[in-house]
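[1] next comes the sequence, and after it the predicted model I'd like to discuss.
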Amino acid sequence: MAESPITARGKDFATWYQDVVLAGDMAEPAEIVKGCMVIRANGYAVWEALQRELDARFKATGHQNMYFPLLIPKSFLEKEAEHVEGFSPELAVVTIAGGKELEEPYVIRPTSETIIGHFFAKWIHSWRDLPLLVNQWANVIRWELRTRLFLRTTEFLWQEGHTAHATHEEALEEVLRMLDVYADVAENVMAMPVIKGLKTQSEKFAGAVSTYSIEAMMQNGLALQAGTSHDLGQNFGKAFDVKFQNKEGQLDYVWQTSWGVTTRLIGAMIMTHSDDKGLVLPPKVAPTKAVLVPIYRKDEERSAVLEAASKIATDIGAKLDDREGQSPGAKFYHWERRGVPVVLELGPRDLASGNVVLKRRDTGVKEVAPQQGIAARVPAVLDRIQADLFAAAKQRLDENTVYANSIEEVEDILRPVSAEKGGGRFVMAHMKDDARCDARIKEFKATIRCIPLVDHCEGPGKCIVTGESVDRRVVIAKAY
RNA sequence: CGGGGCGUAGCGCAGCCUGGUAGCGCACCUGCCUUGGGCGCAGGGGGUCGGGCGUUCAAAUCGCCCCGCCCCGACCA
């Protein structure tokens, strides 16, 4: 097993994250107060970019956006036994309103299966009403014991899709279709490779028949669940009496799905790409893709440089940083911290030579390019950065994925080697989807992340805990 | 709820042990100067030292009590 290059983002990753990436208002994506997020301009613009990409795909697959109430009667939650059991500990409950004790308390939505189930029951009567494909962009509250900016906050923003279908087959297709949409956005927009897989029964969503997820690896080797898609079976259909008459004239409960991604994606992206200098954003989500910094000394230079800079900035759609009273150096650092993929420099020297200097945020490499054709060069460089970021992350994932053939070997691989490297690896081993196996892995402070949809190697083998035959290896890792 | 730590200027901190009228860096304001990777110099504004009580001639500093925050563990997108 080769020593991985990710130790610099090891145990002390939280400190790095806090001090470097989120340092005060230097990078200004967000801050946290009382476990809740304040997302500032730079961070929110990233979220908007993700929303655009996701929403376009939801629409393309026939979904409609709707909005449902924030406050849900507590009794709704109680209709599905597993659901209420899973969410009870983290509910925020409203018991007083309008100065009076409420007859029935409301919960602030931790997720909307129940209230949407309530409305589905009113709206669905016939097979002709199906499938019903709904998405909601909203905030939710989950009272977690421990919060971490972007990764786990009391309140977070997300999208939750909720669909109802006439058959289980069709519902399952939807579950996998949306999982594919998430993987597509993660890999092709966020430049973050993911593993698609099925959660074990112990790890599934409370109230689901089965849960699928995409799992990503952060720079320190820890896993992060980046999106989930649930097959709800008829559990909520039965709980909320969502019945329809099928083509044969018989009554049946609908088959439902739900799926979501959250503002955690922003954190995932930061921890996948950023470095000690601050944010590194993939061009496709970067709020500002290119900035041009003009450089001049004297007044006569100033007007000539600014005129040329303004023209070039307009041509390539870059932001012109013409702030007075800031040195060029200060401006370079400013944009570097904020993760702007490309920063261009234009000074008297370039004016004379007809060139412009172009610097990549990801590699730090500078190139001198002719002003002629820069409008085509910048997009090409942005594409290249996007591709290189993905490739680097993929390589990191591959290099830190190892195979184990016994439980001892798993333990050995996951054992913290040093303070920096807290066992941050993906371990592939044959394991059965059995609570005993999940429990055994938890002893190493790790979890079975998923049973990959695509067999990554070798095929069948014997479970390293129960000895039973299983058809493929699962992903085991420590996680955020 | 356990185990640690911290509250002093907008932010980050020193001062506390050994009480004596509050300081540094960054940021901010003014002027000059500079600008190809955080310019420099000079001047300036800004603080009920988390709160209360006590000890003392005198408390940021010592004692007691409260309050708040952060980190680590248990819960999780």
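    Received, thanks.

[2] for A:G423, give me the pLDDT.
    Model confidence at A:G423, given as pLDDT, is 62.

[3] around RNA strand B, pick out the residues from the stretch 151-300 of chain A.
    Counting by C-beta under 7 Å from any atom of the strand, the positions of the stretch 151-300 of chain A adjacent to RNA strand B are A:151-154, A:156, A:205, A:213, A:225-226, A:228, A:260, A:262-264, A:277, A:295-297. Bear in mind the C-beta positions are built from the backbone N, C-alpha and C, glycine included.

[4] helices - which of those residues land there?
    Per DSSP state H, helices hold the following members of those: A:R264.

[5] quick one, which of the residues of the stretch 151-300 of chain A next to RNA strand B are buried?
    Neighbour counting by 16 or more other C-beta atoms under 10 Å classes A:151-154, A:156, A:205, A:213, A:225-226, A:228, A:260, A:262-264, A:295-296 among these as buried.

[6] measure A:G233 to A:V378 for me?
    Going from A:G233 to A:V378 by C-beta to C-beta, to the nearest Å gives 50 Å.

[7] neighbour count: the two, which is higher?
    Between A:G233 and A:V378, counted using other C-beta atoms under 10 Å, A:V378 has the larger neighbour count: 25 against 19.

[8] strands of the stretch 301-450 of chain A, start to end?
    A:319-320, A:342-346, A:355-360, A:366-370, A:401-403, A:426-430, A:447-452 (DSSP state E, counting those that start in this stretch).

[9] which one of those lies closest to A:V175?
    Among those, strand A:447-452 comes nearest to A:V175, with 13.8 Å by C-beta to C-beta.

[10] hey, where'd the helices end up in chain A?
    Taking DSSP H as the criterion, chain A contains helices spanning A:13-16, A:41-60, A:74-77, A:81-87, A:113-123, A:168-188, A:235-239, A:264-273, A:299-316, A:328-337, A:348-353, A:374-399, A:407-414, A:435-442.

[11] what's the angle from the last one to helix A:407-414?
    Put simply, helix A:435-442 runs at 40 degrees to helix A:407-414, going by axes from the mean of the first three to the mean of the last three C-alpha atoms, to 10 degrees.

[12] buried stuff in helix A:435-442?
    Taking 16+ other C-beta under 10 Å as the basis for neighbour counts, the residues of helix A:435-442 that come out buried are A:C437, A:D438, A:R440, A:I441.

[13] same thing with the fifth one?
    By neighbour count on 16+ other C-beta under 10 Å, the buried set for helix A:113-123 is A:E113, A:T114, A:I115, A:I116, A:G117, A:H118, A:F119, A:F120, A:A121.

[14] ok, the residues you listed vs RNA strand B, which is closest?
    Nearest to RNA strand B, judged by C-beta to the nearest atom of the strand, of the buried residues of helix A:113-123 is A:E113 at 12.8 Å.

[15] run through the residues that contact that closest one.
    With contacts taken as C-beta atoms under 8 Å, 6 or more residues apart in numbering, A:E113 has the following neighbours: A:E80, A:H83, A:H162, A:G207, A:L232, A:F236, A:Q256, A:S258.
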